[in-house]
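**Q** any chance you can model this:
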Amino acid sequence: MDRLVVMRTFVTVAKSSSFSGAARELGISGSLVSRHVADLERQVGVRLVNRTARSVSLTEAGHRYAEFADRILSEIDEEDGALSQSRDAPEGTLSVICPKWIGTLEVGDAIAAFVRDHPKIHLRFELGGMSDRNYDFLDRGYDVAFHTRDLRDSNVLVRRVSELPFVLAASADYVRRRGTPESVADLGEHDFVLHPNDPVWRLGEGADTIHYKVQNATVVANSYLVIEKLVESGCGIALIPRRPAVNRLDSGELVELLPDHRPPARALYAVHGPGGRTPERVRIFLDFMTGWFRANAARGATG
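**A** You can find the predicted model right below:
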């Protein structure tokens, strides 16, 4: 029988000096109380209780063990309570991992806002090092992982946080020098700046979708921040996240190309561990991120 269960029954008997009193307090039968105590005596190998027809008293070993068991059970209850409070408190350490290209853009801005609003939550935020296994971040000690790919995995819980709009763009200077492509076919006459994760551009949506494979890019860079700077410098046409570039699009420094074939937005997912209640700091973080992106969704969503 479970050692902690019979220890708790024995401590209750010791405090009430009665099997029947302990049974009432624990909400179990007197015979079960007696079996618990007998089982504990078998486990420790000594007699703990003197039983008579009218009373129950502790042996010398019983007094000693009752004090020990009471102390152990109290410490367990105290630690359980502390852990429960830490789970329910919006404080403590929160570990988040994110693909580098997202973290250096909008997720990074949202993280900064979260840190300002929740100073009691100590954030560990790591960029890159993502695994193909959806649940690997849990094994590595992270609470939340961000993804842009569709996830279906019973080992994790997934929340759709937002959408990340993209835009096909070039600098105003590049357009003046090289002209404006009027169709997807015209792109073949132009220079490109390419992210290695986007070798094929998806332009348009639904039945109008065109998949354009970029050939002979002028520059390949694995950072959208760098790609945007290259585009601003007139190095070519690129597919870039829209919201970080919205001010330069509004000012005319950058020009949106092929607006009738706008690339579809990419979903942003936050993934966290299953099982029981979500820790409060994780829930607060997910709610904040969802709210932040919702509040900023209109900015640069369609230009």
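**Q** this structure: strands as residue ranges?
**A** 49-51, 56-58, 92-98, 121-127, 144-147, 157-164, 166-171, 193-194, 200-203, 210-213, 219-220, 238-241, 254-256, 266-272 (DSSP state E).
**Q** between the third one and strand 121-127, how many degrees?
**A** This means strand 92-98. 20 degrees (axes from the mean of the first three to the mean of the last three Cα atoms, to 10 degrees).
**Q** what comes up buried for strand 92-98?
**A** Leu94, Ser95, Val96, Ile97, Cys98 (16 or more other Cβ atoms under 10 Å). All C-beta atoms are positioned from the backbone trio N, CA, C, and that covers glycine.
**Q** next: the first one.
**A** Judged by neighbour count using 16+ other Cβ under 10 Å, the buried positions of strand 49-51 are Val49.
**Q** same thing with the second one?
**A** Counting neighbours by 16+ other Cβ under 10 Å, one finds that the buried residues in strand 56-58 are Val56, Leu58.
**Q** ok now that strand, how far from the chain's centre?
**A** In terms of Cα atoms, centre = their mean, to the nearest Å, the gap separating the centre of strand 56-58 from the centre of its chain is 53 Å.
**Q** what ranges of the stretch 101-250 of the chain fall below the confidence cut-off?
**A** 132, 134, 151-155 (pLDDT under 70).
**Q** 80 - rerun?
**A** 101-102, 104-105, 129-135, 149-155 (pLDDT under 80).
**Q** tell me what the residue nearest to the spatial centre of the chain is bridged to.
**A** The chain has Val144 as the residue nearest its centroid, 1.9 Å off, counting by Cα atoms, centre = their mean. On the basis of DSSP bridges, Val144 is bridged to Val96, His272.
**Q** can you list the domains in the protein?
**A** Domains of the chain are assigned by automatic domain parsing as 3-88, 92-163+266-295, 166-261.
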